Each structure stands twice: as structure tokens, then as C-alpha cells.
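Enquirer: Compute the structure for the input listed below.
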Amino acid sequence: MKYQIDNVDKQILSYLVKNARVPFLEIARECNISGAAIHQRVKKMEDAGIIQGSRFVVNAQAIGLNVCAYIGITLDHAHKYKAVVKELAKIPEITECSFITGPYTFFVKVMCTNHQHLMNVLINTFQNMPGITKTETFISLEQLIDKQIDPINDCLKVK
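Expert: As a prediction, this is how the structure comes out:
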């Protein structure tokens, strides 16, 4: 049976999205339920795949990754996409990869130290990878929005 989130679950998710380190007892006080109930609800949402772990977010620029680029990748044959994805996963500069509709097969996000580094990645990896026929690179000048979905304030409607 599919887990149906309610308003309390949405409140819990909203707190966790803003700060995954917030103590469950603090969430419990805000939601007017027990700490044990928060633990149980979080566990159920983890088991249902609604919550998928927690992680630290590294500031890429703070560690010297100053260039963000998005690369549209076109394959010579669509059936090769699984093999190409395996190879793309080996490239440490790739932080995201999506299989998409439109003129490209994949759209990847790449983080590099500088433009020379990006050029080396493009020339020495993508251009030599079997199955890739074309790439188109878009350099990000500034990331303006970086957020997760907030279940209370965003796109989920309460039934």
C-alpha cells in the first residue's frame, strides 16, 4: 500500500528540508506531537522512499570548483545509453546526469576548477567516448536558485 502523507508529515518534511540536523524533539514541539511520533513518521517515510537519507552539501566554490557547466550530449544510437551512462559515471566532474527528451539524449552538470579544466574534460573525455556524436556546452554564470521542494509551501496540494 502506498504511504499517503498528511499535513503533519508535510510539516515534518518542511523542517527537515530546511535543516536535516534539526532535533526531532524540536519538530515535535512545533507539530504538537510526541518525539516518538516524529521518529515513527520519519521511519515510515524513509521506508516508503519519500525520505532518501540526508547529506551534507559542499560549497563547490569553497573547494575551488569555480566553473559550472551544463552539457547536452547526443548519442549515435539511443540503445547505447546504458553503456554511455556507465562511462559518464566514471567522470568525477559530473555531478548530475539526466536522460531527457528533446534534441539531446543526456544533460549533465559538470563542476570544474576553471575554463582550462572544463576544456580538458570536454576534449579528453566526452569527445573520446564511444557512442557520443555531439556535445553542446552551456556555462553557468551564476546559480540563482538552489532549493529542495518544501512540501508545505510548494507544489503539493492537500487532499
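
Enquirer: helix, strand or coil for the residue nearest to residue 125 when sequence neighbours are not counted?
Expert: In space, and not counting its chain neighbours, residue 125 is closest to residue 91: 5.4 Å by C-beta to C-beta, 6 or more residues apart in numbering. Heads up, the C-betas are built off the backbone N, CA and C, glycines and all. For residue 91, the assignment made with DSSP: H, G, I helix; E, B strand; the rest coil gives coil.

Enquirer: give the contact list for residue 137.
Expert: For residue 137, the contact set (C-beta atoms under 8 Å, 6 or more residues apart in numbering) comprises 69-72, 118, 122.

Enquirer: Scan the residues you listed and report the most crowded one.
Expert: Within the contacts of residue 137, residue 71 tops the neighbour count with 22 neighbours, counted by other C-beta atoms under 10 Å.

Enquirer: Now the lowest-mean-pLDDT helix or strand in the chain: buried residues?
Expert: Lowest by mean pLDDT, DSSP states H and E among the helices and strands of the chain is helix 7-18, with a mean of 92. For helix 7-18, a neighbour-count test (16 or more other C-beta atoms under 10 Å) marks 9-17 as buried.

Enquirer: Looking at the residues you listed, which one is closest to residue 140?
Expert: Comparing these against residue 140 with C-beta to C-beta places residue 17 closest, at 23.3 Å.

Enquirer: The closest one and residue 148 touch, don't they?
Expert: Yes: using C-beta atoms under 8 Å, residue 17 is in contact with residue 148, at 4.8 Å.

Enquirer: And this protein, what are its domain boundaries?
Expert: 7-47, 60-140 (automatic domain parsing).

Enquirer: Looking at those, which is nearest to residue 54?
Expert: Between residue 54 and the domains of the chain, the tightest spacing by C-beta to C-beta is seen for domain 7-47, at 4.0 Å.

Enquirer: Pull out the buried positions in stretch 106-126.
Expert: 106-108, 110-112, 117-118, 121-122, 125-126.

Enquirer: can you tell me which of those residues lies nearest to residue 139?
Expert: residue 118 (7.6 Å).

Enquirer: from memory the closest one sits against residue 66, does it?
Expert: No: with contact defined as C-beta under 8 Å, residue 118 does not count as touching residue 66 (10.1 Å).

Enquirer: which stretches of this protein form helices?
Expert: With DSSP state H as the criterion, the chain has helices at 7-18, 24-31, 35-47, 81-88, 115-124.

Enquirer: Report all helices and strands that the last one contacts.
Expert: In terms of contacts (3 or more C-beta pairs under 8 Å, 6 or more residues apart in numbering; DSSP states H and E), helix 115-124 is packed against strand 67-75, strand 106-112, strand 132-140.
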